[in-house]
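K.L.:
predicted model follows, preceded by the sequence.
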Amino acid sequence: MARAQIAARTLRTDRWWLPPLTTFAGLLLISIYAAFRTFQGDFYWVDQYHYLTPMYSPCLSEECVPAASHFGQPLPALPGFLTPPVVIIPFLLGFRITCYYYRKAYYRAAWASPPACAVAEPHAKYTGETRFPLIAQNLHRYFFYAASILLCVNIYDTVLAFGTGLGLGNLILLVNVSLLAAYTLSCHSCRHIAGGRLKHFSKHPVRYWMWTQVSKLNNRHMQLAWASLIFVCLTDLYVALVASETISDLRFIN
């Protein structure tokens, strides 16, 4: 049976364009903020309370504040306008960009491929992820490994900050690493590592249990992707405001 020929781009009568537009606006605003803070190169460390923004962690080059370099300064001072975050951003950005959820988000919002379900896309042909640059999406698992290491660094920073007492900044850092951990563990690659390529779950009860737990998080992967991304920016903003003495940290225990 021949497929019905429909002249209209879509027969949908709802506001199908609103979700991709909202997604595009959200990703654009976050990208602008992240770019500004990356190249600002300041207000990332609160020496009094040992708050280090996740956007600058780990701080590995010689222009870092020495106290903020928890793992030393193995890299020389970066040339020109480059700042410490450019060392870690390729890994964090790579993890997010190649994420299965984010692929769907920006494919629809930025490339209209397709813009929504049951809406024709404007592209004449489709090659999938078989050619450069989209073939690099297959590197997602390796970016997951790198992001997991950076997550451990963020957790270390958060624990270290508790050594100065307890303030609102400590709680914000704690919520931030919790959301980052949940997002990272909910990753499809993590789910595959936990239980993929097993023919008999009954013979691997530990991995099966891990797979079921990760699968529960995976059901909320989209929500965790957005929550963790937004909260990283909020955490960075709070640290920047305290570091610049725009606001004071609310202390509970000194």
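P.N.:
The structure has been received and is ready for your questions. All values reported here derive from a predicted model rather than from experimental measurement.

K.L.:
and the gap between the nearest residue to residue 98 once chain neighbours are set aside and residue 183?
P.N.:
Excluding its sequence neighbours, the residue lying closest to residue 98 (CB to CB, 6 or more residues apart in numbering) is residue 140, at 3.8 Å. No exception for glycine: its C-beta is placed from N, CA and C like everyone else's. With the distance defined as CB to CB, to the nearest Å, residue 140 ends up 14 Å from residue 183.

K.L.:
quick one, which of those two is more surrounded?
P.N.:
Comparing residue 140 with residue 183 by other CB atoms under 10 Å, the one with more neighbours is residue 183, at 28 against 19.

K.L.:
give the next helix or strand downstream of the strand or helix carrying that one.
P.N.:
Assigned by DSSP states H and E, residue 183 belongs to helix 168-185. The helix or strand immediately downstream of helix 168-185 is helix 188-195, counting by DSSP H and E.

K.L.:
helices or strands up against that following helix?
P.N.:
Counting contacts by 3 or more CB pairs under 8 Å, 6 or more residues apart in numbering; DSSP states H and E, helix 188-195 is packed against helix 140-161, helix 205-218.

K.L.:
pLDDT weak spots in the stretch 151-254 of the chain?
P.N.:
Applying pLDDT under 70 to the stretch 151-254 of the chain flags no residue at all.

K.L.:
give me the contacts around the helix holding residue 183.
P.N.:
With contacts defined as CB atoms under 8 Å, 6 or more residues apart in numbering, helix 168-185 is touched by 46, 49, 51, 54, 144, 147-148, 151, 154-155, 157-158, 161-162, 190, 214, 217, 220-221, 224-225, 227-228, 231-232, 234-235, 238-239, 242, 249-252.

K.L.:
please, where are all the strands along the chain?
P.N.:
Listed in chain order, the strands found in the chain under DSSP state E are 45-46, 51-52, 166-167, 251-253.

K.L.:
for the last one, packing partners?
P.N.:
Contact analysis of strand 251-253 by 3+ CB pairs under 8 Å, 6+ apart lists strand 166-167 as its packing neighbours.

K.L.:
show me what the strand it packs on is packed against.
P.N.:
Using 3+ CB pairs under 8 Å, 6+ apart, strand 166-167 is in contact with strand 251-253.

K.L.:
between the helices and strands packed on helix 188-195, which gets nearest to residue 33?
P.N.:
Among these, the nearest to residue 33 by CB to CB is helix 140-161 (18.5 Å).

K.L.:
buried residues in that closest one, which are they?
P.N.:
140, 143-144, 146-148, 150-151, 153-158, 161 (16 or more other CB atoms under 10 Å).

K.L.:
show the secondary-structure elements that that helix is packed against.
P.N.:
Right, helix 140-161 is packed against strand 51-52, helix 89-97, helix 168-185, helix 188-195 by 3+ CB pairs under 8 Å, 6+ apart.
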